[in-house]
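A.B. asks: got a structure for you, letters missing:
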C-alpha cells in the first residue's frame, strides 16, 4: 500500500462531508436511538465476516451510502452476503435505517462516520465488492486532496478486496470523472477496468439500482457514468 505522505494531495486520511441537515422526524429519531445501536459495527477490533455476522460470507463495503437505497437493494438481492455501510450524514443514516427496517434486512451493519477509518479495520483480501457512488466531487483544485478517488484510498480499497473482487464507482461530475480515470490509470497494476466499449460506462449495469443522487442528476440534465474495476491477483 502506498504510504500516506504529509502534504501529498493524492492521499486522504479521512472522509470529508456534512454530518447533519434538517431536523429528523420522530420516527427517524426512534430508528437512530433504537435500531442503529443494534446494527452498528463494533467500536474496536477487526470488521470481518465472522465478527459481524457469525459466519463466513461474501462481504460488501459501501463508502458514503447517502440515503441507503443502493445498499438496501443489494442487501435484499443478496441476503446471504454481508454489507457494511458508512455515512457521516445523520439524515442519510436515518433514511437507510428506514430501508433496513422496511426490508427486514438482517445482513447490514452501519457506521455513522468516517468510512476510511472502518475500511482500515476490514481484514485484507476479505471484500467481494466496494462501492463509491456519487461522492462529493470537491471540484475546486484546492480541494483535490479531499476527493475519495485518490491514490491513498484506492490503495486501501485494493488491499481490502479479494482477488477477483469488484470496485464500483459512479458519478455525474465531469471533473471527477477525468480525475478518477487518471487515478485508476495509475493503479492498473491492481485493477482491470471492466470496459469493452463506451456503453459499458454510459449505461447502468444490471444489479446497480438508481440512487436518489443519480435521479437528481438526471433531472438536472447531467450525464451519469458507471465504472467497474476487478481486483487483480496480488
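C.D. replies: Ah, there it is. Since the structure is predicted, the reported quantities are computational estimates derived from the model, not experimental observations.
A.B. asks: Am I right that residue 68 is in contact with residue 94?
C.D. replies: No. Contact between residue 68 and residue 94 fails when scored by Cβ atoms under 8 Å: they sit 9.2 Å apart. In short, each C-beta sits where N, CA and C put it, glycine included.
A.B. asks: Those two: which has the busier surroundings?
C.D. replies: For residue 68 and residue 94, the more surrounded residue by other Cβ atoms under 10 Å is residue 68, and the numbers stand at 27 against 24.
A.B. asks: residue contacts, the more buried one?
C.D. replies: 85, 87, 92-93, 95-100 (Cβ atoms under 8 Å, 6 or more residues apart in numbering).
A.B. asks: May I ask which of these has the most neighbours?
C.D. replies: residue 85 leads these on contacts (other Cβ under 10 Å) with 31 neighbours.
A.B. asks: Which secondary structure state is assigned to it?
C.D. replies: strand (DSSP: H, G, I helix; E, B strand; the rest coil).
A.B. asks: got the residue ranges for the strands in the chain?
C.D. replies: 59-63, 82-86, 108-111, 127-133, 161-171, 191-193, 225-231 (DSSP state E).
A.B. asks: Can you name every helix or strand that the fourth one contacts?
C.D. replies: With contacts defined as 3 or more Cβ pairs under 8 Å, 6 or more residues apart in numbering; DSSP states H and E, strand 127-133 has these neighbours: strand 59-63, helix 69-77, helix 151-160, strand 161-171.
A.B. asks: hey, which of those is tucked in deepest?
C.D. replies: strand 59-63 (a mean of 25; mean count of other Cβ atoms under 10 Å).
A.B. asks: what about stretch 108-120, start to end distance?
C.D. replies: Stretch 108-120 has an end-to-end distance of 18 Å (Cα to Cα, to the nearest Å).
A.B. asks: May I see the buried residues of that stretch?
C.D. replies: Buried residues in stretch 108-120, counted by 16 or more other Cβ atoms under 10 Å: 108-116, 118-119.
A.B. asks: Kindly report the same for stretch 225-234.
C.D. replies: For stretch 225-234, by 16+ other Cβ under 10 Å, it's 225-229, 231.
A.B. asks: Return the member of these nearest to residue 41.
C.D. replies: residue 231 (22.6 Å; Cβ to Cβ).
A.B. asks: Bridged to the closest residue to that closest one other than its chain neighbours, which residues?
C.D. replies: Take residue 231 and drop its neighbours on the chain: the residue closest to it by Cβ to Cβ, 6 or more residues apart in numbering is residue 161, 4.1 Å away. Per DSSP bridges, the residues bridged to residue 161 are residue 127.
A.B. asks: got the contact list for residue 161?
C.D. replies: Contacts for residue 161 (Cβ under 8 Å, 6+ apart) come out as 125, 127-128, 130, 167, 231.
A.B. asks: switch the cut-off to 7 Å
C.D. replies: By Cβ atoms under 7 Å, 6 or more residues apart in numbering, residue 161 lies in contact with 127, 130, 167, 231.
A.B. asks: can you check residue 139 too?
C.D. replies: 173, 175 are the contacts of residue 139 under Cβ under 7 Å, 6+ apart.
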